[in-house]
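Visitor: fold the following and give me the result.
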Amino acid sequence: MLRSGDPSFKTPGLGSGQDRLVTFFAAIAIVTVLYLGRDVFVPIAVAILLSFVLAPVILVLRRIRIPRTPSVVAVVLVTFVGLLALGGVLAMQVTDLVADLPQYRMNMREKIKSLKDAAGGSGAFERTMDMLQDLSREIDEPATGGQGATGAADGRPVPVEVRQPPPGTLGTLSAVAAPLLHPLATFGIVFIFVLFILLQREDLRNRFVRLAGAHDIQRTTAALDDAASRLSRFFLAQVALNAGFGTVIGLGLWAIGVPSPFLWGLAAAVLRFVPYIGAAVAAALPIGLALAVDPGWTMVLSTAALFLVVEPLVGHVIEPLLYGRSTGLSPVAVIAAATFWTWLWGPVGLLLSTPLTLCLVVLGRHVESLEFLDVALGDQPPLSASELLYQRLLAGDPLEAAAAAEEHLKQNSFADYCDGVALPALRLAQRDAARGVLDEARQIRLKETLAELLDYLPDAAAEDEPHGAASSRVLALAARSALDEAAALLFAHRLRQSGVRCETRPHGGLGRPVDDEVGLLVLSYLSPATPAHRRYTIRRLRRDAPGRRVIVADWGLEEGQPERLEGEDAAVTSIAAAVEAVEAPPAPTAPSVPVAAPAPVRAGAA
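Guide: A predicted model of the protein is given here:
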């Protein structure tokens, strides 16, 4: 058992500087490899994540006794043929839209003219536009200067333009096919990887367990199961939800009359995979088209209203009901991940940012050396309730500490808060004091902040009159430090919650007289309660305040029960035990039993 002042105590979660340096350079090396090898890693990442989506469908087919190979081949073929068909329809929609764009030019000019008229013909807007047009004409106007008709009168060389001959049939086909080769190659690689990952799913899992270390199969299996269940639920829910979102948007745009509603519905479904900004971009595209198509403003306003109604309904009502309010990532981590993966892998990285980051968080939760990933990216509170309270006490901020305490008290009692949050926070302070990093001035400030915090919390007695054995007043005495006094303040507040009258006295006040109304003394130790100091203090209290019960509270002892020394009526380590000892009746004194005189021994008796 480690005490707060034990030299063998080590703060958890902090590695050596050498370990952190190795981790830093390893992270740089991994990011460099991912960036340089993105042409290889992007298809693999897409294939792995897509396999998580298709795996539940294959398991359903396996349950109805369809063999593995036909199930995998059928599901993968249907998926990729559907994606190809969808891409073909999308290309047709884009072609039709591009062909119709020139006829919308007049509508755009009229709207710009109406905006200029609304801003005022002689206003700053018009003057700025005129100035920009003049500058543009000046820049584009060729400088003739002193050149003659041939441009060589001043002796400068005549610029010569070299033009390539028109490409033949093969050149035209090559120019058309070149932009399509890379996406088609990536598509084919993803298809092959998905097929083999699903066919060899169990074998790949076993190999991963072996590489991760067969000595800890339990942890590796838990990590795999956690990642698989999280990603499968997340992907299936996202695919279903975004497909429904795109369908509603497409039908709504069709009813409004926006051209190519299928295209914009599909774009809305795909862009909604992009966190936070995807829905805004999906709305901006059809709104801009409606602005060009409609001579008036009805189509624009109707399109904007459609997105303003559907997106909040899906994002804030249906989405939480479908897969919960959280993906396991903090909101800041989602934005940071989207930025990082977009920089690393481009648009594909933006689409994969959330699931890839979710994998990192799962890894951080199950691999101790990567715990920083869960802390930095996960949605779990980075500090425990006691650590947060200690941090706020150090910062001298009782308001935030009180707000956190009120949240805790909505589901727990004040007794649980004392022993589960406040007292562990004070133990953290004592550890720092024992290490010499928390000086006396900061201890006093922490104690005063705790006193302010307790003033914000309820202090009403549970009963109007004191009850039990504690009908007289209780005096809590700080043994040696301001932290001992802080623990005494917390204990006194807890007693007042139970209807027991209690006062506190700071350290250094042991020699002051004790009122006659005080019937019980509680000696508060957060600093190490050594037997020598306890014996000395108890003798002093017995001399200065005879006839009072004395309870020693060794708050710094987290486990076990302290040995009760001579002169102590009780020895406790928790506030709950201290309250119980205060309210318990005093132990009865054993009555003296008269000893009978020995019978006289007769003469001659043996």
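
Visitor: from here on, contacts and neighbour counts on C-alpha atoms
Guide: Noted.

Visitor: quick check: longest strand in the chain by residues?
Guide: The longest strand of the chain (DSSP state E) is strand 518-525.

Visitor: partner strands of that one and their direction?
Guide: Counting by DSSP bridges, the strands paired with strand 518-525 are strand 473-478 (parallel), strand 549-554 (parallel).

Visitor: lowest-confidence helix or strand of this structure?
Guide: Here the helix or strand of the chain ranked lowest by mean pLDDT, DSSP states H and E is helix 124-140, holding a mean of 61.

Visitor: surely Glu517 meets Leu475?
Guide: No. If you go by CA atoms under 8 Å, Glu517 and Leu475 don't touch, sitting 9.9 Å apart.

Visitor: pLDDT weak spots in the stretch 101-250 of the chain?
Guide: Residues of the stretch 101-250 of the chain that meet the criterion pLDDT under 70 lie in 101-105, 107-180, 212-216.

Visitor: how about the longest helix seen in the chain: buried residues?
Guide: Counting residues, the longest helix found in the chain (DSSP state H) is helix 217-256. For helix 217-256, the neighbour count (16 or more other CA atoms under 10 Å) marks 219-221, 223-224, 226-228, 230-239, 241-243, 245-250, 252-254, 256 as buried.

Visitor: count of residues packed around the residue lying closest to Arg442 once chain neighbours are set aside?
Guide: Nearest residue to Arg442 in three dimensions, chain neighbours excluded: Leu394, at 7.4 Å (CA to CA, 6 or more residues apart in numbering). Other residues lying near Leu394 total 19 when counted by other CA atoms under 10 Å.

Visitor: also the one 10 residues further on?
Guide: A count of neighbours around Ala404, defined by other CA under 10 Å, yields 14.

Visitor: quick one: contacts for it?
Guide: Ala385 (CA atoms under 8 Å, 6 or more residues apart in numbering).

Visitor: pLDDT value on it, please?
Guide: Ala404 is assigned a pLDDT of 89 by the prediction.

Visitor: now swap in Phe273 and tell me
Guide: Phe273 is given a pLDDT of 78.

Visitor: what does Trp555 give?
Guide: Looking at Trp555, its pLDDT stands at 90.

Visitor: for Ser16, same thing?
Guide: Value for Ser16, per-residue pLDDT: 56.

Visitor: got phi/psi on the spatially most central residue of the chain?
Guide: Nearest to the geometric centre of the chain sits Asp379, at 2.2 Å (CA atoms, centre = their mean). With angles defined as degrees, to the nearest 10, Asp379 sits at phi -100, psi 0.

Visitor: so what's it up against?
Guide: 326, 328-331.

Visitor: quick check: it vs Arg365, distance?
Guide: For Asp379, the distance to Arg365 equals 12 Å [CA to CA, to the nearest Å].

Visitor: hmm, back to that, list the buried ones in the next helix or strand after the longest strand of the chain?
Guide: Per DSSP states H and E, strand 518-525 leads on to helix 531-544 as the next helix or strand towards the C-terminus. Residues 534, 538, 541 are the ones in helix 531-544 that count as buried (16+ other CA under 10 Å).

Visitor: then stretch 58-75?
Guide: 58, 61-62, 68, 71-73, 75.

Visitor: same question for stretch 563-575.
Guide: Buried residues in stretch 563-575, counted by 16+ other CA under 10 Å: 568-575.

Visitor: among the residues you listed, which ones are in strands?
Guide: 570-572.

Visitor: closest to Asp439 out of those?
Guide: Taking CA to CA as the measure, Asp439 sits nearest to Val572 out of these, at 27.0 Å.
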